[in-house]
Structures are given as C-alpha cells and as structure tokens.
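S.K.: this is a predicted model, with the sequence first.
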Amino acid sequence: MPSTHKKVIVRKMDRDSVQGYVAPAFIVDGKVELLNTAGKVVLIDLADVKGVYFVRGFDETESFARKTFATRPRTEGLWVRLKFRDNETLEGMMPNDLTQLSSDGFLVTPPDTRSNTQRIFVPRTALAELTVLAVIGGIGGRRRRAAPTPEGQVPMFTE
C-alpha cells in the first residue's frame, strides 16, 4: 500500500466506527471515501461523521488521555476549542493559514501528540461551536528590533 494512504478510524455520530485507509483527497462529493480493512471502498456521508482520526495503528483503542491542554501550547497556530453536537469538547491546534481551510471541515492536531491519534479531520456538520482561544506565534510573537537611538542622546556604554 502506498504511503499516501493513511490509517484512519472514522468515528460516526452514532458512536460506531470504521477502520481503514484514505487517500490525500478523501472527501468526494460530500462523502468520506475509505478503503476498509476488508479491502472494500466505503463511502460515508459527512453528515454522519464525527471525525476522521488519523492514527498510528488500529490495535490501540482510542481514548484520549487529555482532551484539553494543561498549559498554553508552544506550537505555532490557532489554539481552538471544538464543541461537538453531542456536547463533547476537544481542544486542538490548527494552522494559522487561510489557504489550508477547507469548506468541508477542519484538520486539528489534538493536545496529546504521543497518543495513537496524530490528527483529526472534523467535518463542519459535526460541530456545534468552534472557539479560537488564542493565536500562538506568528509575526506578533517574533522579537522586535530595538528602537533606533534618538539623535543627541549620549551613549552610556562604548564598545
């Protein structure tokens, strides 16, 4: 199997899940195109999907140790809180880049990057609310240059 096919677990709104592989463009006509572990192509309507979890392996049962960040994250991007239609809440990081936004949903990095889940694609239809908690890094977070010395000021230290 080519490396472009990623292992995913598709979690549905009815708590059911499907394991399989997806291609880089896995949204086709409003449906998730998935090659399941039996080798059949399955189309799942985005309205039924709670999230597409990109995982390291199928063996581990997914339960996040942390659904929220304990402290302010250090990764550059948007720190967001997702509230699903079933009242579950999850925090994550999104890229602060409008070109990476999709009309179908959001790609989020969960707080616990050492868990089985590496990223989550969350369809817009699964969300009740999305809140940006902070913008981390970027141009405003970089060091500013020292202001130039005004004319007429006597230097205190010489090199």
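M.R.: Great, that's in hand.
S.K.: beta partners for the residue nearest the centre of the chain?
M.R.: Residue closest to the average C-alpha location in the chain (Cα atoms, centre = their mean): V108, at 0.7 Å. Under the criterion DSSP bridges, V108 forms beta bridges with I120.
S.K.: from what I can see it touches Q118, true?
M.R.: No: when contacts are counted by Cβ atoms under 8 Å, V108 is not listed as touching Q118 (10.7 Å). The C-beta positions use only the backbone N, C-alpha and C, and glycine is treated the same way.
S.K.: mind checking which helix or strand L78 is in?
M.R.: Element membership for L78 (DSSP states H and E) is strand 77-84.
S.K.: from the contact counts, what lies against that strand?
M.R.: Under the contact criterion of 3 or more Cβ pairs under 8 Å, 6 or more residues apart in numbering; DSSP states H and E, strand 77-84 touches strand 89-94, strand 105-108, strand 127-136.
S.K.: show me which residues of it are buried.
M.R.: Residues of strand 77-84 classed as buried: 77-82, 84 (neighbour count, 16 or more other Cβ atoms under 10 Å).
S.K.: any idea how far that strand is from the middle of the chain?
M.R.: 8 Å (Cα atoms, centre = their mean, to the nearest Å).
S.K.: can you check stretch 70-77 too?
M.R.: That offset, for stretch 70-77, works out to 13 Å (Cα atoms, centre = their mean).
S.K.: show me what counts as buried in it.
M.R.: Using 16+ other Cβ under 10 Å as the test for burial, stretch 70-77 gives 73, 77.
S.K.: many thanks, we can stop here.
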